[in-house]
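Trainee: got a sequence here, can you build the structure:
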Amino acid sequence: MPKFKTAAAVLGLGLTLPGPALWSQAMPSDALCGGTPEPAFCKAVRGARAEGWLAQSRSEVMAQHGMVVTSQPLAAQAGLQILRHGGNAVDAAVATAAALNLVEPMMEGVGGDLFAVIYVAKERKVYVLNASGTAPTGATVERFGELGYHWDSTNWGPGSGMPVHGILPVTVPGAAWGWQEVLRRFGSMTFKQVLEPAIQYAEQGFPVSERIAYDWQLPEALPLRNCCTQLDADSVRTWYVNGTPPKPGEIFKNPDLARTFRLLQTQGVEAFYKGVIAKAIVAKSTTLGGTMTLEDLAHYHGEWVEPARTRYHDHELVELPPPSQAWAAGEMLNILQACVPKWAPGRTLASLGPTSPLYWHLLVEAKKLAYGDLYRYNADPNFAAVPLGRLLSDSYAASLCAQVDPGHASTPRSTGNFSMGGDTIVLSTADSEGNMVSWVNSNFDGFGSGITVPGFGFILHDRGALFTLDPKSPNVIQPHKRPFNTLSAGFLLHENMPVMTVTLMGGDMQAQGHAQLMVDILDLGANLQAAVDMARFRHSQISNELGLEGALYDLVGKDLAAMGHSVTAIDGESVGGAQVIMFVSGRKDAANGGASHDGKGYYRAGSDFRKDGQAVGW
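Mentor: You can find the predicted model right below:
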């Protein structure tokens, strides 16, 4: 392995930029489209590509040796530098995730959850990690009732009756344990190396980009009862600049987060779960009325688990099992495969095509059926039996076809008042040995619970908000139990050979988004960047509301409304962001019918234009 250079050398932080007097023209103003005043350029129209699908935002990125794709360019570059200095795909994933703690902090942090799907090339095998958090001691229906929180009968899904922010939905963080565990089992580097790029940015700062500045809003997190109406003072001190969110281009630093990462470098996760960081977490929780104990942290561990598997068009889709919602993508695809020939005799999704209202109607109806089972059964399998084998069987999918009217929208159950948000990062990495990683790391909601651990620069996540207070539900809150989890990461195989990572962030958008990506690629023949760019829908199961991105709404919205759907136009914020990598064997490039020039294969990647993301390779 080549000798690892210092982070300053790796990231080029020693370069001297020209001073303001050397710039030839004024920098752009901070005025944004939709603001006051609005810059004149906001009235311009978008240019057109020279070839291919003219609406595609950019070409796929292609490289032979390695690839990193995520939602923030500096984080992607940090992971790429790890690859170029001898690290593998797992090392790069941890480095990228660590950098995102600093450069996209509302979405992800060391105080959150982690799931990963890792393809190990030398074994031709997929490994799945669940490093999601468990409820603390004292997290019971009775305690929540004493504090005034009760089951909401109008919400028959996850989150019923739970507060969204504050200390009560905080579960034990799993990400730090997961980072060290994947490095221990499959990495080639240590925390000392992979955390250094993030530390440099935390100490020296970075300019906040426009899209991320838009998301930079702390949630109210206090008080304990009737939460929430007040911001956490430690969060304001940590995440705001002079009391306000940073503006685009403003330099943001987080030396407290650097301190946390330095402790991980020298002491490993012992510092986080048994040492000074653990004590700070419990002290903050206790001060606010939480029930987390030092024992909760000290006894935490994640799990290596068996994936949920589904076959679709002679490919195998590997998704996360419960308590993740990801397996519902497999059920949705199973239903489409079994039922489209019955719903539209003589037609396929490809022959219907994405300009057809019937195409979208069938996708949405399949989603409703899959999410009906998801909300009925999904829970921590260590506490409740989830009949995954039956739900993902071909025969079960076929048994559901009669529940869909090809001409009219269905109502899953009585409509309620719950809509699931969610803020998350996804990333994909690949290396020169053929290892690939599909990774999802999250605070759950924007800036999680809204509560920061003072002196350590990270947010406590609020994933426990997806428990229910319904005592009859398999997902009812209990101490040391994992809640229903929206986080989703998948992997596509063909004849046990790697095809692509499958990632798309965004609350309950994730499983239905995975299925839409698979249809775009395997049914419609889209390249990765086109599939990532294509318009998507987001259906909310409880409210039975269907959101279509603006151009898609203009195309088929009225037709779907005529079929009985409750349709609204939405923007790209609602449909998440995908960051995906495909491996193309040197034997044949299935998309283009050609072969790589050296016969060894190469990578191609797509990064969602709805985020600030970037695909980088070498």
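
Trainee: what about G243, neighbour count?
Mentor: 7 (other C-beta atoms under 10 Å). C-beta: built from backbone N, CA, C; applies to glycine.

Trainee: let's verify the residue nearest to it when sequence neighbours are not counted: helix, strand, or coil?
Mentor: Nearest residue to G243, sequence neighbours excluded (C-beta to C-beta, 6 or more residues apart in numbering): V236, at 6.5 Å. Per DSSP: H, G, I helix; E, B strand; the rest coil, the secondary structure class of V236 is helix.

Trainee: and what of A615?
Mentor: strand.

Trainee: how about the strands of the stretch 1-150 of the chain, start to end?
Mentor: Under the criterion DSSP state E, counting those that start in this stretch, the stretch 1-150 of the chain contains strands at 61-63, 67-70, 113-120, 125-131.

Trainee: quick check on the residue lying closest to L400 once chain neighbours are set aside: phi, psi?
Mentor: Once flanking residues are discounted, L400 sits nearest to L369: 5.1 Å by C-beta to C-beta, 6+ apart. Backbone geometry at L369, expressed as degrees, to the nearest 10, gives phi -60, psi -40.

Trainee: got a list of what L369 touches?
Mentor: Residues near L369 by C-beta atoms under 8 Å, 6 or more residues apart in numbering: E331, M332, I335, L400, Q403, V404.

Trainee: surely the first one and A397 touch.
Mentor: Yes. Taking contact to mean C-beta atoms under 8 Å, the distance of 7.0 Å between E331 and A397 places them in contact.

Trainee: looking at the two now, which is surrounded by more residues?
Mentor: Remark: of E331 and A397, E331 carries more neighbours, 29 against 24, as counted by other C-beta under 10 Å.

Trainee: ok, now how distant is the more buried one from K367?
Mentor: Distance, E331 to K367, using C-beta to C-beta, to the nearest Å: 10 Å.

Trainee: just give the number of residues close to the residue nearest to G243.
Mentor: 14.

Trainee: look at it and report its pLDDT.
Mentor: Per-residue confidence at V236 stands at 98 (pLDDT).

Trainee: which stretches of the stretch 401-550 of the chain have low pLDDT?
Mentor: Within the stretch 401-550 of the chain, the stretches with pLDDT under 70 are 415-422.

Trainee: buried residues in the helix or strand where K342 lies?
Mentor: Using DSSP states H and E, K342 maps to helix 327-343. Neighbour counts over helix 327-343 (16 or more other C-beta atoms under 10 Å) mark 327-340, 343 as buried.

Trainee: so who does the residue most central in space within the chain touch?
Mentor: With distances taken as C-alpha atoms, centre = their mean, M505 lies nearest the centre of the chain, 3.1 Å away. M505 sits next to S71, M107, G422, D423, T424, I425, V426, V440, S442, G576, G577, A578 when contact means C-beta under 8 Å, 6+ apart.

Trainee: what strand or helix carries the nearest residue to it once chain neighbours are set aside?
Mentor: The shortest distance from M505 to any non-neighbouring residue, by C-beta to C-beta, 6+ apart, is to T424 (3.9 Å). Assigned by DSSP H and E, T424 belongs to strand 423-430.

Trainee: which helices and strands does that strand pack with?
Mentor: When contacts are defined as 3 or more C-beta pairs under 8 Å, 6 or more residues apart in numbering; DSSP states H and E, strand 423-430 packs onto strand 67-70, helix 73-84, helix 89-103, strand 436-444, strand 579-584.

Trainee: given that strand, what are its sheet partners and their directions?
Mentor: Next to strand 423-430 in the sheet, as set by DSSP bridges, lie strand 67-70 (antiparallel), strand 436-444 (antiparallel).

Trainee: of these, flag the one that's most buried.
Mentor: strand 67-70 (a mean of 34; mean count of other C-beta atoms under 10 Å).

Trainee: one step back: next one, pLDDT for the residue nearest to L400 please.
Mentor: Predicted confidence (pLDDT) for L369: 98.

Trainee: now stretch 88-96, how far from the centre of its chain.
Mentor: Stretch 88-96 has its C-alpha centroid displaced from the chain centroid by 16 Å (C-alpha atoms, centre = their mean, to the nearest Å).

Trainee: now swap in stretch 185-200 and tell me
Mentor: Computed by C-alpha atoms, centre = their mean, the separation of stretch 185-200 from the middle of its chain amounts to 21 Å.

Trainee: and the helix or strand that contains Y214, what's buried?
Mentor: For Y214, the host element (DSSP H and E) is helix 210-215. By neighbour count on 16+ other C-beta under 10 Å, the buried set for helix 210-215 is R211, I212, A213, D215.

Trainee: what's in contact with that helix?
Mentor: Applying C-beta under 8 Å, 6+ apart, the contact partners of helix 210-215 are 32, 72, 103-104, 106-107, 245-248, 250, 423, 446, 611-612.

Trainee: what is the nearest of the buried residues of helix 210-215 to V241?
Mentor: Nearest to V241 out of the buried residues of helix 210-215 is A213 (C-beta to C-beta; 11.0 Å).

Trainee: on that earlier part again, quick one: closest of the helices and strands packed on strand 423-430 to A385.
Mentor: Nearest of the helices and strands packed on strand 423-430 to A385, taken as C-beta to C-beta: strand 436-444 at 24.9 Å.

Trainee: returning to what we had before: would you quantify the distance from the residue nearest to G243 to T355?
Mentor: V236 is 48 Å from T355, by C-beta to C-beta.

Trainee: low pLDDT regions in the chain?
Mentor: In the chain (pLDDT under 70), the answer is 1-30, 415-422, 587-599.

Trainee: swap in 90 and give it another go.
Mentor: Judged by pLDDT under 90, the chain has its weakly predicted residues at 1-43, 45-51, 412-424, 585-600.

Trainee: make CSV out of the buried residues of helix 210-215 and add distance to A551.
Mentor: As requested, the buried residues of helix 210-215 are exported to CSV (distance: C-beta to C-beta, whole Å):
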residue, distance to A551
R211, 19
I212, 24
A213, 25
D215, 23
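
Trainee: which single one of the residues you listed is nearest to R536?
Mentor: Distances from R536 to those, taken by C-beta to C-beta, are shortest for R211, at 17.6 Å.

Trainee: surely A511 is in a strand?
Mentor: No. Counting by three-state DSSP, A511 falls outside a strand, being helix.

Trainee: I'd guessed it sits against Y375; true?
Mentor: No. The criterion here is C-beta under 8 Å, and A511 misses it with Y375 at 11.5 Å.

Trainee: mind listing the helices for the stretch 301-450 of the chain?
Mentor: Secondary structure of the stretch 301-450 of the chain (DSSP state H, counting those that start in this stretch): helices at 327-343, 349-352, 357-377, 388-391, 394-399.
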